[in-house]
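Asks: need a structure here:
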Amino acid sequence: MSSRGTLSPAASIEQSILFIRSQRVMLDADLAVLYGVSTRVLNQAVKRNRERFPEDFMFRLTVAEKAEVITNCDHLRSLRFSPALPHAFTEHGAIMLASVLNTPIAVQASVQVVRAFVRLREMLTTNKALADKFAELERKVASHDEHIQSLFEAIRHLMAPAQHKPRRTIGFRVEEARPGYRTRHLRRASLLF
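Replies: Here you go, the predicted structure:
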């Protein structure tokens, strides 16, 4: 079990799956915890079996991607001090990694990883299918009634991703013109001399 609390293994794994370079991946640090080995041991196994990890199974993060991951994922704070760039494993790479490590924990955990990736894929497919059915129903009903059309617009608005409002600035702000008394006083003083 990871240090993230009392989450079920599947929920913990789903939280470790990140979306990088248009792919769902898990980082080597998360997989090491899951498979019960250190990140160093995991990366050594990958290095010894490099031919089993083509580019579509595993890739190394860039410096910018590493910084973004550290910023967005609290459980990966320790990567900030690591000089090495982490590896990112796709679903197939995570399964291949379990076969390379070949420990009883890795075999059991690979089953959980596969289930988590499949569950995410099903959720994405279900949402796409729901959106397609909704669009088809909207086309059928579009000519019938204005009230139904407004209902569809409201539902579409609820399905859209949330728009974030710009943040208010914090602090003290003065919104008055320059004080007039100071300039008059200085003008009089200059006339006296």
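Asks: so how many other residues sit close to Arg50?
Replies: Summarising burial for Arg50: neighbours were counted as other CB atoms under 10 Å, giving 9. (Glycine included, C-beta is placed from N, CA and C.)
Asks: i'd like the first residue to be 7 from this point on
Replies: In the new count, where the first residue is 7, that last one comes out as Arg56.
Asks: Over to it: give its phi and psi.
Replies: Geometry field for Arg56 lists phi and psi as phi -60, psi -30, criterion degrees, to the nearest 10.
Asks: likewise Leu33?
Replies: Torsion angles, degrees, to the nearest 10, at Leu33: phi -80, psi 160.
Asks: Next, count neighbours for it.
Replies: 22.
Asks: now do Phe95
Replies: 25.
Asks: cool, Ala73 as well?
Replies: 13.
Asks: do the same with Val124
Replies: Val124, neighbours per other CB under 10 Å, totals 11.
Asks: and what of the one 10 residues further on?
Replies: Neighbour count for Lys134, taken as other CB under 10 Å: 10.
Asks: Which positions in whichever strand or helix holds it come out as buried?
Replies: Assigned by DSSP states H and E, Lys134 belongs to helix 110-147. Residues of helix 110-147 classed as buried: Ala112, Ala115, Ser116, Gln118, Val119, Val120, Ala122, Phe123, Leu126, Glu144 (neighbour count, 16 or more other CB atoms under 10 Å).
Asks: swap in stretch 41-55?
Replies: For stretch 41-55, using 16+ other CB under 10 Å, the buried residues are Tyr41, Val43, Thr45, Leu48, Asn49, Ala51, Val52.
Asks: okay, those residues in TSV with secondary structure and distance to Glu20 next?
Replies: Shown next, in TSV, are those (DSSP: H, G, I helix; E, B strand; the rest coil; distance: CB to CB, whole Å):
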residue	secondary structure	distance to Glu20
Tyr41	helix	17
Val43	coil	21
Thr45	helix	21
Leu48	helix	20
Asn49	helix	24
Ala51	helix	24
Val52	helix	23
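Asks: Where is pLDDT lowest across the residues you listed?
Replies: Of all these, Tyr41 has the smallest pLDDT value, namely 84.
Asks: ok, the closest residue to that residue other than its chain neighbours - contacts?
Replies: In space, and not counting its chain neighbours, Tyr41 is closest to Ala112: 4.3 Å by CB to CB, 6 or more residues apart in numbering. The contact partners of Ala112, taken as CB atoms under 8 Å, 6 or more residues apart in numbering, are Tyr41, Gly42, Val43, Leu103, Ala104.
Asks: Thanks a lot, catch you later.
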